[in-house]
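> Provide a 3D model corresponding to the input given below.
(one chain, ligands or ions: 1)
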Amino acid sequence: TKKIEKALAEERCFWSFEYFPPKTETGVINLYDRMERMYALGPEFIDVTWNAGGSSSDVTMQVCTTAQSVYGLETCMHLTCTNMPREKIDIALRDAKAAGIQNILALRGDPPRGQENWTKCETGFSYARDLVKYIREEYGDYFCIGVAGYPEGHTENPDKEEDMQHLKAKVDAGANYIVTQLFYDVDLFLDWEKQCRAIGIDIPILPGIMPIQSYGGFKRMTTLCKTFVPKEILDDLEPIKDDDKAVKEYGVKLAVKMCNTMKDAGIRGFHFYTLNLERSTRLILEGLGFVAPIELARPLPWNPSLAKNRE
Ligand code: FAD
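Residues are numbered from 1 along each chain as shown. Below you'll find the model as predicted:
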């Protein structure tokens with residue numbers, strides 16, 4: 001059994017980290033450094049987003065390959081249908097398999113930058129469901145396949161029930177798990193999860209948690225994704241919005257509270273949108289008691305055998 005599938009089947013809490021491909025070589029090196037340190041936080045898997053076209057998808061492939069083969073992190077590569085003719089999808093899947101990557105998050109993808117509506121490319125796919133189906137046809141059970149879910153409905157589809165049926169279609173096509181869009185209203189997520197179960201979606205659903213890192217970033221992201229933000233959160237942020245440190249601290253506390261509420265409701269897997277940052281995610285995991293707080297630096301004991309025990 002592949003590692004993600006195994007975790008999904010077990011009765012314990014687990015967590016995963018999402019990264020995006022950096023734009024520069026220095027950015028990539030910094031990301032490797034972070035991934036290496038965040039390995040100690042015990043993510044069940046990590047995943048890397050995919051921006052179709054150009055060098056960005058090469059960077060996704062490169063980062064995924066390194067994470068899997070050098071750092072030994074169970075890696076999931078995002079793959080989208082945007083600007084991806086069949087041949088390019090074939091190459092991406094072939095290269096992923098050759099790099100030992102066994103997990104794909106199958107997505108339709110966002111429209112390319114500057115384009116408002118999504119259009120299918122010739123010989124490509126129209127919906128994530130078609131990509132899931134294709135991967136199953138071509139690779140059988142080799143890949144563990146994740147798909148995206150939208151607790152507030154997908155922005156392009158005003159009919160939430162229909163959108164949920166489309167999610168069910170992705171599951172029926174062979175998806176193994178669902179990762180959700182970010183949200184800040186836990187009740188809304190739990191209601192949606194219940195409805196998913198009611199229509200027969202029976203695979204694990206991992207809530208996507210985006211720790212608030214800055215007021216500006218939070219506003220931009222929630223506007224872009226049309227995320228509902230409870231008034232209480234806006235009220236809490238208003239007096240501290242210009243104090244980055246206070247906003248970050250609040251973001252950690254809020255995420256811990258959200259995860260604890262979900263844990264009490266029986267959710268076991270938590271997916272963190274890290275934005276390639278380490279600190280907030282680490283503090284949240286500490287706050288949840290999932291990892292021990294980092295030890296305060298102390299000098300190594302002079303006795304070499306004691307030093308060995310500490311390793
Ligand atoms: P789909 O499930 O195909 O749905 C797209 C739309 O079509 C929805 O409105 C749905 O209701 C509708 N629909 C589905 N099936 C049918 C049908 N048969 N007939 C009519 N309508 C239908 N984007 C990136 O570009 N790169 C990434 O790496 C990336 N990672 C993401 C990770 C997560 C966890 C999430 C939640 C989103 C991510 N996205 C990413 C964004 C995603 O690509 C967009 O939200 C995109 O608009 C929808 O992708 P999807 O896979 O959910 O599409």
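> the stretch 201-311 of the chain against the ligand: which residues are in contact?
Selection of the stretch 201-311 of the chain residues close to the ligand by CB under 6 Å from any ligand atom yields residue 208. Yep, even glycine has a C-beta here, placed from its N, CA and C like the rest.
> skipping its backbone neighbours, what lies nearest residue 143 in space?
residue 104 (4.9 Å; CB to CB, 6 or more residues apart in numbering).
> does that neighbour count as helix, strand or coil?
strand (DSSP: H, G, I helix; E, B strand; the rest coil).
> if I pick it, what's in contact with it?
For residue 104, the contacting residues are 76-79, 93, 96, 135, 143-146, by CB atoms under 8 Å, 6 or more residues apart in numbering.
> hmm, the strand or helix carrying residue 195 in reach of the ligand?
Following DSSP states H and E, one finds residue 195 within helix 186-198. No. Counting by CB under 6 Å from any ligand atom, the ligand is not contacted by helix 186-198; separation bottoms out at 12.5 Å.
> can you pick out the most distant pair from the contacts of residue 104?
Greatest spacing in the contacts of residue 104, by CB to CB: 93 and 146 (14.6 Å).
> compare these two and say which one has the larger neighbour count.
residue 146 (29 against 21; other CB atoms under 10 Å).
> quick one: pLDDT of the closest residue to residue 36 other than its chain neighbours?
Distances taken as CB to CB, 6+ apart put residue 71 closest to residue 36, at 6.0 Å, once the chain neighbours are dropped. In this model, residue 71 is scored at 94, pLDDT.
> doesn't residue 71 lie inside a strand?
No. Applying three-state DSSP, one finds residue 71 to be coil, outside a strand.
> neighbours around it, how many?
Neighbouring residues of residue 71 were enumerated by other CB under 10 Å; the total is 14.
> what ranges do the strands span in the stretch 1-150 of the chain?
Under the criterion DSSP state E, counting those that start in this stretch, the stretch 1-150 of the chain contains strands at 14-19, 45-48, 75-80, 103-107, 144-149.
> quick one: closest of the ones you listed to residue 124.
Comparing those under CB to CB, the one sitting nearest is strand 75-80, at 9.9 Å.
> show me what the closest one pairs with in its sheet, parallel or antiparallel.
strand 45-48 (parallel), strand 103-107 (parallel) (DSSP bridges).
> in this protein, which spans are helices?
3-9, 25-38, 54-69, 86-98, 128-139, 160-172, 186-198, 215-224, 231-237, 244-264, 279-287, 304-310 (DSSP state H).
> the inter-axis angle of the longest one versus helix 279-287?
Our comparison of helix 244-264 with helix 279-287, counting by axes from the mean of the first three to the mean of the last three CA atoms, to 10 degrees, yields an angle of 40 degrees.
> with just CA atoms, put helix 244-264 into PDB.
Extracted C-alpha coordinates of helix 244-264, given in PDB (Å, rounded to 0.1, in the frame of the first residue of the first chain):
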ATOM      1  CA  ASP A 244       2.300  41.800  11.300                       C
ATOM      2  CA  LYS A 245       3.600  39.900  14.300                       C
ATOM      3  CA  ALA A 246       0.200  40.100  16.100                       C
ATOM      4  CA  VAL A 247      -1.600  39.100  12.900                       C
ATOM      5  CA  LYS A 248       0.600  36.000  12.600                       C
ATOM      6  CA  GLU A 249       0.100  35.100  16.200                       C
ATOM      7  CA  TYR A 250      -3.700  35.400  15.800                       C
ATOM      8  CA  GLY A 251      -3.500  33.300  12.600                       C
ATOM      9  CA  VAL A 252      -1.800  30.500  14.600                       C
ATOM     10  CA  LYS A 253      -4.400  30.600  17.400                       C
ATOM     11  CA  LEU A 254      -7.300  30.700  15.000                       C
ATOM     12  CA  ALA A 255      -6.000  27.700  13.100                       C
ATOM     13  CA  VAL A 256      -5.400  25.700  16.300                       C
ATOM     14  CA  LYS A 257      -9.000  26.500  17.400                       C
ATOM     15  CA  MET A 258     -10.400  25.500  14.000                       C
ATOM     16  CA  CYS A 259      -8.400  22.200  13.900                       C
ATOM     17  CA  ASN A 260      -9.400  21.300  17.400                       C
ATOM     18  CA  THR A 261     -13.100  21.800  16.600                       C
ATOM     19  CA  MET A 262     -12.700  19.600  13.500                       C
ATOM     20  CA  LYS A 263     -10.800  17.000  15.500                       C
ATOM     21  CA  ASP A 264     -13.600  16.900  18.000                       C
END
